[in-house]
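K.L.:
quick one: sequence and predicted model below, then my questions.
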Amino acid sequence: MKKDIDVSFVMTVYNKEYYLPSVLKALLGQTGLENPEFIFIDDLSTDKSVEIIKEFTKNVPNVTIVENKDNRGISPRINQGIALAKGKYTRMLDSDDVFPIDSTEKMLALAEELNADMVYGRFTKTGKEPWLLENESMSHDFSYTFSENALLGVLTGRFTRMGQLIKTEVLKKGGGADERVFIQDESIPLRTAIYARGIVKINDNVVLVPKEIGNFSGNKVQLDNDRFLAYCYAIQDNPNLPEKALKLMYQRALSAYWKLIKKTKFLPYFHPAFFKYLFNKLYPTLPDMTYLKHMQDVFLSLPKVRRVVNPLYALKK
């Protein structure tokens, strides 16, 4: 009798041939899993990324490789992969991140033991060549914390990379990535946590980042834009969330806007954004929807910021 899929791994790919051999070795070598599946969504790579994936997975069961004919961006592609996931849990990864080989096994054990819908941990930018990370393991004595309120766990935690383990039905219910936002790092945990029961934070590395070549982390304005929009849209879409959650989300939106002002305005400490940000840090308030819309208009008018092209794969809540 064929076993059910325990974990679906979803990877979006765009021109990562330098990293993929090591990323795939660590991914396909994940320990302690009974019947995983591997879903690769290519966003029209122009290098040998797809060929490398095919070579490494030619004898691996439960592999799906989607070769798209157009380039749309990260969020639609990750949703395309999530829609195909059949496992009880889904773990997503960027194609330039390396998983410690026992990380999924340990995250899965905690999810089952604590009945938690979400598990995440730390990441480290190692600056090392990817092949030096292929066989890394987690610590044997790592600690962790558990919060039954997943949304507050996300809003008081630090999510800046992929690599979370999330119950698939909850991930799909949350809608996956917000396709109005180009980079998915903030929107996936935020949207998922609204529907999740329980979150575990592991105080050890579950993602190892090799030396970085040409990724979006160098474009700080892009990061400010996508961080702001993730929280802005979550507030607009979910006005009936608990007040504490709305206040924390508004704080994050104001923080992203203030970071943009510091980068782009002369004498930023005299700008109204600074006083709004400072006041809200001292006295958290519910979102001012008029000011939120003003900030949104500023971000949406920014030049040289990448936007999603024709989002087609938005998951239905």
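P.N.:
Received it, and whenever you're ready, just let me know what you need.
K.L.:
quick one: average confidence on the longest strand along the chain?
P.N.:
Assignment by DSSP state E gives strand 199-209 as the longest strand of the chain. Mean pLDDT, strand 199-209: 95.
K.L.:
who does whatever helix or strand comes next after that strand touch, helix- and strand-wise?
P.N.:
Counting by DSSP states H and E, the element after strand 199-209 in chain order, helix or strand, is helix 220-237. Helix 220-237 sits against helix 187-193, helix 243-264, helix 289-300, with contacts defined as 3 or more CB pairs under 8 Å, 6 or more residues apart in numbering; DSSP states H and E. The way it works is simple: take the backbone N, C-alpha and C, and place the C-beta from them, glycine included.
K.L.:
and helix 220-237 with helix 243-264, angle?
P.N.:
Computed by axes from the mean of the first three to the mean of the last three CA atoms, to 10 degrees, the angle separating helix 220-237 from helix 243-264 equals 150 degrees.
K.L.:
quick one: low-confidence ranges for the stretch 1-150 of the chain?
P.N.:
For the stretch 1-150 of the chain, applying pLDDT under 70 flags the ranges 1.
K.L.:
quick one, strands of it?
P.N.:
Listed in chain order, the strands of the stretch 1-150 of the chain (DSSP state E, counting those that start in this stretch) span 7-13, 37-42, 63-67, 89-94, 118-125, 144-147.
K.L.:
report the distance from the fourth one to the chain centre.
P.N.:
By that I understand strand 89-94. Centroid displacement of strand 89-94 relative to its chain, using CA atoms, centre = their mean, to the nearest Å, is 9 Å.
K.L.:
I'd like to know which elements that strand is packed against.
P.N.:
So strand 89-94, by 3+ CB pairs under 8 Å, 6+ apart, packs with strand 7-13, helix 74-84, helix 103-114, strand 165-167, helix 168-173.
K.L.:
try the shortest one
P.N.:
Under the contact criterion of 3+ CB pairs under 8 Å, 6+ apart, the helices and strands touching strand 144-147 comprise strand 199-209.
K.L.:
would you put the C-alpha positions of the strand it packs on in PDB?
P.N.:
The C-alpha trace of strand 199-209 is given here as PDB (Å, rounded to 0.1, in the frame of the first residue of the first chain):
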ATOM      1  CA  ILE A 199       3.700  27.900  16.200                       C
ATOM      2  CA  VAL A 200       7.200  26.600  17.200                       C
ATOM      3  CA  LYS A 201      10.300  28.600  17.000                       C
ATOM      4  CA  ILE A 202      13.500  26.600  17.000                       C
ATOM      5  CA  ASN A 203      16.600  28.300  18.400                       C
ATOM      6  CA  ASP A 204      18.900  26.800  15.900                       C
ATOM      7  CA  ASN A 205      19.600  27.100  12.200                       C
ATOM      8  CA  VAL A 206      17.100  25.400   9.900                       C
ATOM      9  CA  VAL A 207      18.400  27.300   6.800                       C
ATOM     10  CA  LEU A 208      22.000  28.000   5.800                       C
ATOM     11  CA  VAL A 209      22.700  30.800   3.300                       C
END
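K.L.:
tell me the angle that strand makes with strand 118-125.
P.N.:
30 degrees.
K.L.:
list the buried ones in strand 199-209?
P.N.:
199-202, 204-209 (16 or more other CB atoms under 10 Å).
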